[in-house]
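Student: predicted coordinates and the sequence they were generated for:
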Amino acid sequence: MSREILTVAEMTQADRQAVEQGLSIDLLMDRAGFAVAEAVMKRFPPGRAVIWCGPGNNGGDGYVVARCLHDKGWSVRVEAAAAPATEAAKRAAALWKGETVPLSPSPFPADLYVDALFGAGLSRGLEGDVAKLACACAQLNEPVVAIDLPSGFNGDTGRRLGEAVFCADLTVTFHRLKVGHCLYEGRAACGEVVVADIGLPASEGTASLFENTPDLWERHFPWPALNVHKYQRGRLKVVSGDAGKTGAARLAARAGLRIGAGVVTLLSPSGALAENAAHLEAVMLAPFESDADLRAAGEAADAVVIGPSAGVGETTVRNLFALAGTGSALVVDADALTSFRQDPEALFSALDRDDVLTPHPGEFERIFPGLLARSAERISATREAARLAGAVVLLKGPDTVIAAPDGRAVVSLNGSPWLATAGSGDILAGFIGGLIAQGMTSFEAACAGVWIHAECGRAHGPGLIAEDLPNLAPAVLAGLLARRPSVKRSGLASGR
Ligand SMILES: NC(=O)C1=CN([C@@H]2O[C@H](COP(=O)(O)OP(=O)(O)OC[C@H]3O[C@@H](n4cnc5c(N)ncnc54)[C@H](OP(=O)(O)O)[C@@H]3O)[C@@H](O)[C@H]2O)[C@@H](O)CC1
Ligand SMILES: Nc1ncnc2c1ncn2[C@@H]1O[C@H](COP(=O)(O)OP(=O)(O)O)[C@@H](O)[C@H]1O
Ligand SMILES: [K+]
């Protein structure tokens with residue numbers, strides 16, 4: 001099942017629906033606290049726990065955790081930042097039979113700490129002793145478990161509400177992931193994230209944001225038919241830069257071939273032909289002299305990647321216009337984006353809805369100046385960018401976001417810093433181009449490309465360089481193929 005990511009308002013709505021359907025807040029709080037205690041007991045041996053409780057329902061959950069852990073033999077100390085202020089929290093606190101002491105700004109010695117101060121709906125920064133404790137919390141060697149979200153973060157943006165924030169090794173949230181778990185810095189502060197089912201009614205159809213998992217796109221993955229020939233597996237072309245700047249395009253071309261495009265051709269300026277020829281085997285090579293040549297090449301392709309080391313300037317602008325007029329879908333990356341920094345509108349008017357822009361934040365700023373800074377977070381910025389461009393936009397980074405002009409949006413959670421290496425974005429462009437060439441729709445190809453790219457990065461880990469990524473794709477693809485229910489019937493499993 002694909003995982004929905006909710007805003008705080010959507011979570012409140014789910015909450016309200018549950019109450020309307022007769023579920024009591026006390027029952028939900030009990031289940032929430034029990035789920036946190038269960039997650040704790042699964043990971044940590046019994047010992048001394050300090051529970052930091054806030055005045056709201058997040059604190060209410062904390063009193064339930066205290067009760068559950070105490071019942072299981074833990075030695076529990078409850079520290080309250082303020083007296084319980086909601087009716088449910090008051091009742092939960094009353095059921096805690098142990099002592100409750102005022103919050104200490106420096107952590108009392110313990111084996112484990114629970115941050116039950118504030119949840120994802122927090123609207124202002126931490127202050128006073130709570131803020132002091134947050135700073136001390138960062139220095140703790142013992143595990144910290146956050147209920148819902150580490151306190152101090154905005155659940156809708158992942159941004160800190162003030163200077164001081166808590167950080168955790170484990171975060172247990174309820175019903176669904178919230179945006180604040182998925183975007184940095186909130187994401188970095190969460191540690192492992194567990195989404196506990198507390199019996200809220202399913203909100204299917206209401207969320208407009210999803211985690212990028214194969215469930216979203218694997219039904220449409222372009223596995224080859226048994227009797228396919230190479231041209232039917234898709235024709236991808238990649239535009240090379242001039243002599244001395246050709247490696248990035250070759251990386252993209254190789255990635256496109258690895259992800260399954262049947263025929264991949266590097267379109268090379270004549271002056272770079274010898275250099276490219278010296279480094280290519282299965283990837284084919286075709287020269288171009290003019291934008292008319294490129295137009296003809298674009299007509300005979302299913303997808304074209306333009307941008308990796310293409311060169312910034314008029315030539316790339318002309319080349320993009322030539323390709324944009326053809327029937328092939330474009331993946332517009334790197335220099336092809338930067339070439340339009342003076343006139344992004346010209347790029348947008350040349351694009352179709354099946355084209356994909358793949359900027360990193362620097363390139364994003366060049367073609368959508370100020371948009372990231374004036375948006376609440378990168379998801380709304382990417383959605384707006386897709387609407388403005390009339391194309392799929394993929395904003396790269398540790399929390400890559402993919403958005404379509406119709407408002408669909410997806411966040412990737414499987415990336416790793418090993419991907420932050422020169423040329424890694426070129427491989428991603430090639431993966432996406434290769435999938436589009438095979439007939440996948442552009443939004444799904446972008447999602448699948450990002451997911452596979454990240455899985456390759458994880459599979460390799462330390463020491464990864466961009467050249468490694470295409471060679472890691474076969475194992476990731478094999479894993480995807482094995483998930484396919486009809487894999488035996490397709491004949492692909494046996495390789496017959
Ligand atoms: N959704 C669900 O289905 C379920 C949700 N559950 C749980 O409920 C939690 C949400 O509870 P919540 O709404 O009571 O919010 P929460 O963060 O506990 O406290 C807000 C309080 O803090 C106060 N306050 C705010 N900022 C402050 C500051 N900087 N410094 C000091 N005070 C500050 C603010 O006061 P005010 O702003 O009015 O002054 C208000 O009193 C959620 O995270 C989850 O754990 C579960 O029980 C199961 C079902
Ligand atoms: N810290 C990180 N965690 C996860 N992914 C990252 C991180 N930093 C970069 N990436 C990913 O690595 C790739 C880098 O692409 P890009 O910046 O275009 O590099 P290049 O231009 O060198 O190819 C993108 O897919 C991006 O999402
Ligand atoms: K919390």
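Tutor: Structure's in. What do you need? Residues are numbered from 1 along each chain as shown. Ligands and ions are numbered 1, 2, ... in the order given.
Student: alpha carbons only for contacts and neighbour counts from here, please
Tutor: Fine.
Student: which stretches in the stretch 201-350 of the chain count as helices?
Tutor: With DSSP state H, counting those that start in this stretch as the definition, the stretch 201-350 of the chain shows helices at residue ranges 247-258, 273-277, 291-299, 314-324, 334-338, 344-350.
Student: residue 199 is nearest to which of these?
Tutor: Residue 199 sits nearest to helix 247-258 of all the helices of the stretch 201-350 of the chain, at 43.4 Å, using C-alpha to C-alpha.
Student: chain center to the host helix or strand of residue 49, what's the gap?
Tutor: Under the criterion of DSSP states H and E, residue 49 resides in strand 48-53. In terms of C-alpha atoms, centre = their mean, to the nearest Å, the gap separating the centre of strand 48-53 from the centre of its chain is 32 Å.
Student: quick check, that strand touching ligand 1?
Tutor: No: figure legend: strand 48-53 not in contact with ligand 1 (C-alpha under 6 Å from any ligand atom); closest approach 8.7 Å.
Student: tell me what that strand is packed against?
Tutor: Identification of packing neighbours for strand 48-53 by 3 or more C-alpha pairs under 8 Å, 6 or more residues apart in numbering; DSSP states H and E yields helix 57-71, strand 75-80, strand 112-116.
Student: any chance of those in JSON lines, plus mean neighbour count, distance to residue 465 and mean pLDDT?
Tutor: What follows is the helices and strands packed on strand 48-53, written out as JSON lines (neighbours: other C-alpha atoms under 10 Å; distance: least, C-alpha to C-alpha, whole Å; pLDDT from 0 to 100):
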{"stretch": "helix 57-71", "mean neighbour count": "27", "distance to residue 465": "44", "mean pLDDT": "98"}
{"stretch": "strand 75-80", "mean neighbour count": "22", "distance to residue 465": "48", "mean pLDDT": "98"}
{"stretch": "strand 112-116", "mean neighbour count": "26", "distance to residue 465": "39", "mean pLDDT": "98"}
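Student: for the ones you listed, give me a markdown table that also has distance to residue 271.
Tutor: What follows is these, written out as a markdown table (distance: least, C-alpha to C-alpha, whole Å):
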| stretch | distance to residue 271 |
| --- | --- |
| helix 57-71 | 65 |
| strand 75-80 | 72 |
| strand 112-116 | 62 |
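Student: between the ones you listed, which gets nearest to ligand 3?
Tutor: Nearest of these to ligand 3, taken as C-alpha to the ion: strand 112-116 at 4.5 Å.
Student: ok, and the closest non-adjacent residue to residue 103?
Tutor: Among residues not flanking residue 103 along the chain, residue 79 sits closest, at 4.6 Å (C-alpha to C-alpha, 6 or more residues apart in numbering).
Student: give me every residue that touches that neighbour.
Tutor: Residue 79 sits next to 50-53, 100-104 when contact means C-alpha atoms under 8 Å, 6 or more residues apart in numbering.
Student: run the last query once more with 7 Å
Tutor: Applying C-alpha atoms under 7 Å, 6 or more residues apart in numbering to residue 79 gives the contacts 51-53, 100-103.
Student: restricted to buried residues, select those in ChimeraX.
Tutor: The ChimeraX command for the buried members of those (criterion: 16 or more other C-alpha atoms under 10 Å) is given here:
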select :51,52,53,100,103
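Student: pLDDT score for the residue in the stretch 201-350 of the chain that ligand 2 sits nearest to?
Tutor: Ligand 2 sits closest to residue 334 of the stretch 201-350 of the chain, with a gap of 6.5 Å, by C-alpha to the nearest ligand atom. pLDDT, residue 334: 98.
Student: thought it was touching residue 311?
Tutor: No: in this structure residue 334 lies outside contact range of residue 311 using C-alpha atoms under 7 Å: 9.0 Å.
Student: tell me what the residue nearest to residue 103 is bridged to.
Tutor: When assigned by DSSP bridges, residue 79 has beta-bridge partners residue 52, residue 101.
Student: where do the strands sit along the stretch 151-300 of the chain?
Tutor: Remark: strands assigned in the stretch 151-300 of the chain by DSSP state E, counting those that start in this stretch are 170-174, 177-178, 192-196, 209-211, 235-239, 263-269, 284-288.
Student: which of those is buried the deepest?
Tutor: Most buried of the strands of the stretch 151-300 of the chain by mean neighbour count (mean count of other C-alpha atoms under 10 Å) is strand 235-239; its value is a mean of 32.
Student: mind listing residues that contact it?
Tutor: Applying C-alpha under 7 Å, 6+ apart, the contact partners of strand 235-239 are 249, 253, 261-268, 301-306, 310, 433-434, 437.
Student: report the buried members of the residues you listed.
Tutor: Applying 16+ other C-alpha under 10 Å to the contacts of strand 235-239 flags 249, 253, 261-268, 301-306, 310, 433-434, 437 as buried.
Student: what are the phi and psi values for residue 198?
Tutor: Main-chain dihedrals, residue 198, degrees, to the nearest 10: phi -110, psi 20.
Student: and for it, the neighbour number?
Tutor: With neighbours defined by other C-alpha atoms under 10 Å, the count for residue 198 comes to 18.
Student: I figured it hits residue 29, correct?
Tutor: No: the pair residue 198 / residue 29 is not scored as a contact, 8.6 Å apart, by C-alpha under 7 Å.
Student: show me which residues of stretch 366-383 are buried.
Tutor: For stretch 366-383, the neighbour count (16+ other C-alpha under 10 Å) marks 366-368, 371-372, 377-383 as buried.
Student: first to last residue in it, what's the distance?
Tutor: 17 Å (C-alpha to C-alpha, to the nearest Å).
Student: that one close to ligand 2?
Tutor: No: Stretch 366-383 is not in contact with ligand 2 by C-alpha under 6 Å from any ligand atom; minimum separation 12.9 Å.
Student: average model confidence for that stretch?
Tutor: The average of the pLDDT scores along stretch 366-383 is 98.
Student: low-scoring stretches of the stretch 1-150 of the chain, by residue?
Tutor: Applying pLDDT under 70 to the stretch 1-150 of the chain flags residues 1.
Student: swap in 90 and give it another go.
Tutor: 1-2 (pLDDT under 90).
Student: who has more neighbours out of residue 334 and residue 311?
Tutor: Using other C-alpha under 10 Å as the criterion, residue 334 and residue 311 rank with residue 334 on top: 24 against 20.
Student: domain parsing for this protein?
Tutor: Here the domain parsing of the chain from automatic domain parsing is 5-207, 214-490.
Student: Throw those domains into CSV and include distance to ligand 3, thanks.
Tutor: Output for the domains of the chain, formatted as CSV (distance: least, C-alpha to the ion, whole Å):
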stretch, distance to ligand 3
domain 5-207, 4
domain 214-490, 21
